[in-house]
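Asker: Quick one, what's the 3D model for this:
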Amino acid sequence: GINAEYGLCLLILAGFVCGMVLMLIVAMSSCVTWFQYVSIFSYVKLAVTLFKYSPQVYVNFKKKSTEAVSIYQFLLDLTGGAISLFQMGLIAYNYDDWRTFLGDFTKFGLAALSILYDVIFIFQHYCLYREPAYQHLGEDREEGEESSKRLLGGESE
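Answerer: Numbers count the residues shown, from 1 in each chain. Okay, the predicted model is just below:
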């Protein structure tokens, strides 16, 4: 059957699609410009970013592990967010207009949101859940040898 998370994702996706179709109708009726319509996609991207990271933070918290997650994607994403903020800062400095730094809210929001979640993931990976939530085979030799003997029909306790 369909699990609850999948159903929630489909509901959110349906909401985005319905909203975009509704805005398309509004744009076709000339109530908003086509530029305004296309600009709405950047807000959808910002919302999708929020929805895509939150479940993974929760799953890591519940499992007390980041074993199934590659940390490299978050390190690269953090680099991209930092470079994006740096670029906006350079443009603001170059034009001596610091209002432009926050002028593109979705670009700033996407960079800030990505950095926030990347820092959370990195903290989970390197600080909170350093040790794996499972035991590697062969870590406890004495217990493992006793179990092997019992399974293979050797000495029993």
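Asker: Would you mind measuring from the residue lying closest to residue 108 once chain neighbours are set aside to residue 115?
Answerer: Ranked by C-beta to C-beta, 6 or more residues apart in numbering and with sequence neighbours excluded, the top spatial neighbour of residue 108 is residue 102, at 5.7 Å. Just so you know, the C-beta spots here come from the backbone N, C-alpha and C atoms, and that holds for glycine as well. Remark: distance between residue 102 and residue 115 (C-beta to C-beta, to the nearest Å) = 15 Å.
Asker: between those two, who's got more neighbours?
Answerer: Of the pair residue 102 and residue 115, residue 115 is the one with more neighbours under other C-beta atoms under 10 Å, namely 18 against 12.
Asker: Assign a three-state SS to that one, would you?
Answerer: For residue 115, the assignment made with DSSP: H, G, I helix; E, B strand; the rest coil gives helix.
Asker: Could you check the pLDDT of the residue lying closest to it once chain neighbours are set aside?
Answerer: Nearest non-adjacent residue to residue 115, counting by C-beta to C-beta, 6+ apart: residue 81, 4.2 Å away. Note on residue 81: pLDDT of 94.
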